[in-house]
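K.L.:
Just need the structure, nothing else, for what follows:
(2 chains)
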Amino acid sequence: MSADLSVRNPNNSPLLMADALLRASGGMVVSLLVAPLTTDSTDAGQVGVNAPNFQQLPLSPATFRKIRVAMQDDQLSQYELLISASAVQQQVSALQLASADALFDTAAGVEINGTQFVIESRSVSEALGQVYLYRLFVREAHAWLQPVL
Amino acid sequence: MENAKDTFYITLRNRLAVLNPQRVIILRGLQRPGILVEEAEAVVPQMPADAFVLRWTGLAVDAQLPSALAEMTCEVHYTTGGTQTNGGLDRGRALAEMDAELLSILSPNCAQKMNYTQTPTTAMETQVFWTEPQFQPMVTLRERLTRVAKLTVFAFEEQGEL
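P.N.:
Coordinates of the predicted model:
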């Protein structure tokens, strides 16, 4: 049994291909809700009185699809959100974060077509150690009260 | 009732900041003492480690008194995996440290009720007081040790209060 010692230099082709596929299959813009630039250090901000004023970080291209249909009353629909790794990397650099994990860890949710979703879990797809796609499992935040207009 | 819950949290937070300034978390871009109210923060798949998480559960109201007395059950959840320096082998010690810190910040077991919805914050007429914590058995899940301490918080409802 011999080891595969062939040289394979990583390049951007998986990233470019993922972006092209995401654009071809919808290419929508979604917004990640993260902490605002001006943080609220007041007591009221920590007990749920003040609005959190989350910052919306646009991520594109992305595709969004339903992966489980709600068949029972207590079963929530689950959705899958595929996001380009290049878009995530841009935001990680812009916010001077250590990693994409740090970005998603601080996220309170994601807004898609004006509706807010809660992130349930996430995973990545990678080739030769290079992440080219982020996959988020999200569900609708049904319980949130909408402001009366 | 919300004023009592807010007062309880802020009291414990301020005491923790004095007792152990090293126990901090970063939440919504802000570094603060390592204690939070679960229902006032974003939904997360897993509780943060090395921080106290307050979860409000039970509620009873004694309306037979001159002022209604609210009895609210508070669960304090905390979990730790020890330190990276010690490869997690000190997780038992880390949990014991959190046990001691919780016991310490809960004493004295009363505080002046405050209204944090107003600016500036105003002191109210009555006090918030609470029982001794009942420590539940430790739960081990992989590298994490978790404990819940339950206690009851009492507060008289004042005129015009939520």
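
K.L.:
which residues of chain A score low on pLDDT?
P.N.:
A:1, A:68-71, A:74, A:142-149 (pLDDT under 70).

K.L.:
helices and strands around the biggest helix by length in chain A, which ones?
P.N.:
Longest helix in chain A by number of residues (criterion: DSSP state H): helix A:13-24. Under the contact criterion of 3 or more Cβ pairs under 8 Å, 6 or more residues apart in numbering or on different chains; DSSP states H and E, helix A:13-24 touches strand A:55-68, strand A:78-84, helix A:85-94, strand A:115-127, strand A:130-140. Backbone N, C-alpha and C define where each C-beta goes, glycine included.

K.L.:
Turn these into TSV, columns for mean neighbour count and distance to B:Gln46.
P.N.:
Listed next are the helices and strands packed on helix A:13-24 as TSV, based on neighbours: other Cβ atoms under 10 Å in any protein chain shown; distance: least, Cβ to Cβ, whole Å:
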stretch	mean neighbour count	distance to B:Gln46
strand A:55-68	16	22
strand A:78-84	20	18
helix A:85-94	17	21
strand A:115-127	15	10
strand A:130-140	18	15
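
K.L.:
for those, which one sits closest to chain B?
P.N.:
Nearest of the helices and strands packed on helix A:13-24 to chain B, taken as Cβ to the nearest Cβ: strand A:115-127 at 5.3 Å.

K.L.:
Now find how far off-centre the closest one is within its chain.
P.N.:
Chain-centre distance of strand A:115-127: 5 Å, with Cα atoms, centre = their mean, to the nearest Å.

K.L.:
Show residues contacting that strand.
P.N.:
Residues from elsewhere that reach strand A:115-127 (Cβ atoms under 8 Å, 6 or more residues apart in numbering or on different chains): A:10, A:14, A:18, A:33, A:78-79, A:81, A:85, A:104, A:107, A:109-111, A:131-141, A:144, B:43, B:45.

K.L.:
Try it again at 6 Å.
P.N.:
A:14, A:104, A:109-110, A:131, A:133-141, B:43 (Cβ atoms under 6 Å, 6 or more residues apart in numbering or on different chains).

K.L.:
Next, B:Gly92: phi, psi?
P.N.:
Main-chain torsions, B:Gly92, degrees, to the nearest 10: phi -70, psi -40.

K.L.:
Next one: it, what pLDDT does it get?
P.N.:
Turning to B:Gly92, the model gives it a pLDDT of 95.

K.L.:
and it, how many neighbours does it have?
P.N.:
If you count neighbours by other Cβ atoms under 10 Å in any protein chain shown, B:Gly92 ends up with 12.

K.L.:
What parts of chain B come near chain A?
P.N.:
Residues of chain B lying close to chain A by Cβ under 6 Å from any Cβ of the partner chain are B:Asp6, B:Ile10, B:Arg28, B:Gly29, B:Leu30, B:Ala40, B:Ala42, B:Val43, B:Tyr116, B:Thr117.

K.L.:
could you list every residue that touches the last one?
P.N.:
For B:Thr117, the residues meeting the contact criterion (Cβ under 6 Å, 6+ apart) are A:Val49.

K.L.:
next one: phi and psi at it?
P.N.:
The phi/psi pair for B:Thr117 (degrees, to the nearest 10) is phi -80, psi -10.

K.L.:
and it, how far is that from B:Phe154?
P.N.:
For B:Thr117, the distance to B:Phe154 equals 21 Å [Cβ to Cβ, to the nearest Å].

K.L.:
Could you grab the helix/strand/coil label for B:Glu39?
P.N.:
State at B:Glu39, reduced to three classes by DSSP: H, G, I helix; E, B strand; the rest coil: helix.
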